[in-house]
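Peer 1: Below: sequence and its predicted model.
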Amino acid sequence: DAGVIQSPRHEVTEMGQEVTLRCKPISGHDYLFWYRQTMMRGLELLIYFNNNVPIDDSGMPEDRFSAKMPNASFSTLKIQPSEPRDSAVYFCASSSGGGELVNQPQHFGDGTRLSIL
Amino acid sequence: RKEVEQDPGPFNVPEGATVAFNCTYSNSASQSFFWYRQDCRKEPKLLMSVYSSGNEDGRFTAQLNRASQYISLLIRDSKLSDSATYLCVALGDGRLAFGKGNQVVVIP
């Protein structure tokens, strides 16, 4: 079975550029999560969706970050303009909650390693 | 204060020994708990759920102490392949939080 698919795997770009990260969740999963991981801060939840609707975006660091989920099989995380401090590994994860967030483990994609120069 | 706190370690463990570590959570409304394992430069993967009565999966035992708001993970007969970072997760009341992880290094 296909897992969570993220692209690109690696991205290196100059500060000020727009960065778009993509995620395809596992088919049938109704929750989708975006995380950022750094050595200093660990794994941080940025935003999550339920049935394509954003539920909690309190982890989104600032207005430069935006996320969309136009349909059940695709989500994007966009950073515009990007800054060096945005350099991190960005993970997408999905889970099958049946409408309930509790008690459902998440399946992670391989992550996107983002470097902003 | 972070919602979920873990001692980063590293926990250096001789091969074959037992290692245990805790994770404290601050949200008393948390209902579900998990341990994830993350290898270097890889994604987190579910290791096991944590049930109220405690549960085992092979060499791994997870416990939950609601009164003191912590969960624990014990690894018996450590293998070299157990070297990884173990992340705990607290989930509930619509809120989800990962700890920064306990790094375990099993030494031959």
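Peer 2: Thanks, I have the structure now.
Peer 1: need the contact list for the closest residue to residue A:28 other than its chain neighbours.
Peer 2: Excluding the flanking residues, the one nearest residue A:28 by Cβ to Cβ, 6 or more residues apart in numbering or on different chains is residue A:96, at 6.2 Å. For the C-beta atoms, the positions are set from N, CA and C on the backbone; glycine is no exception. Counting by Cβ atoms under 8 Å, 6 or more residues apart in numbering or on different chains, residue A:96 touches A:26, A:28-31, A:104.
Peer 1: Can you tell me which of those is closest to residue A:51?
Peer 2: For the contacts of residue A:96, the closest approach to residue A:51 (Cβ to Cβ) belongs to residue A:30, at 5.3 Å.
Peer 1: measure the closest one to residue A:71 for me?
Peer 2: To residue A:71, residue A:30 is 12 Å away according to Cβ to Cβ, to the nearest Å.
Peer 1: ok, the two, which is more surrounded?
Peer 2: residue A:30 (19 against 8; other Cβ atoms under 10 Å in any protein chain shown).
Peer 1: looking at chain B, which helix or strand is least sure?
Peer 2: strand B:95-98 (a mean of 84; mean pLDDT, DSSP states H and E).
Peer 1: List buried residues within the contacts of residue A:96.
Peer 2: Among the contacts of residue A:96, those classed as buried by 16 or more other Cβ atoms under 10 Å in any protein chain shown are A:26, A:29-31, A:104.
Peer 1: Enumerate every residue touching the residue lying closest to residue B:62 once chain neighbours are set aside.
Peer 2: Excluding the flanking residues, the one nearest residue B:62 by Cβ to Cβ, 6+ apart is residue B:50, at 4.3 Å. Neighbouring residues of residue B:50 by Cβ under 8 Å, 6+ apart: B:33-35, B:62-64, B:71.
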